[in-house]
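[1] Fold the following.
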Amino acid sequence: MTIAKAPAMGKPVVVLNVASLPEVVSGRRALVEPGNPEAIAEAIEMVYKGEIEDKGKRVFSWDECVQRYLKVYKGLKRYEL
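    The predicted model follows:
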């Protein structure tokens with residue numbers, strides 16, 4: 001399971017705080033700094049114990065996606081192409 005899919009399925013993940021990984025993963029995640037094995041081990045232990053809390057970000061929704069596209073298309077309808 002990829003790190004992007006796991007939170008959408010309600011699964012917690014341990015993510016290194018590098019590149020775009022923090023932005024890709026929302027919801028239940030433990031964000032750790034690379035090069036710190038103690039922090040990584042602690043985060044894995046938190047996942048195992050069920051101590052990772054939901055960060056409150058919304059999970060992807062097809063309904064919301066469709067509504068946003070419809071809003072854009074309705075806005076474009078005013079213009080002749």
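
[2] where along this structure do the strands fall?
    13-16, 29-32 (DSSP state E).

[3] With distance to Lys77, mean pLDDT and mean neighbour count as extra columns, can I get those in TSV?
    Placement of C-beta: from N, CA and C, glycine included. Below are those laid out as TSV (distance: least, Cβ to Cβ, whole Å; pLDDT from 0 to 100; neighbours: other Cβ atoms under 10 Å):
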stretch	distance to Lys77	mean pLDDT	mean neighbour count
strand 13-16	41	87	19
strand 29-32	40	85	20
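
[4] Could you dump these into JSON lines and include distance to Lys5?
    What follows is the strands of the chain, written out as JSON lines (distance: least, Cβ to Cβ, whole Å):
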{"stretch": "strand 13-16", "distance to Lys5": "10"}
{"stretch": "strand 29-32", "distance to Lys5": "13"}
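
[5] Which of the ones you listed sits closest to Tyr73?
    Judged by Cβ to Cβ, the one of these that comes nearest to Tyr73 is strand 29-32, at 33.7 Å.

[6] What pairs with that closest one, parallel or antiparallel?
    In the sheet, strand 29-32 lines up against strand 13-16 (parallel) (DSSP bridges).

[7] Understood, closing this out.
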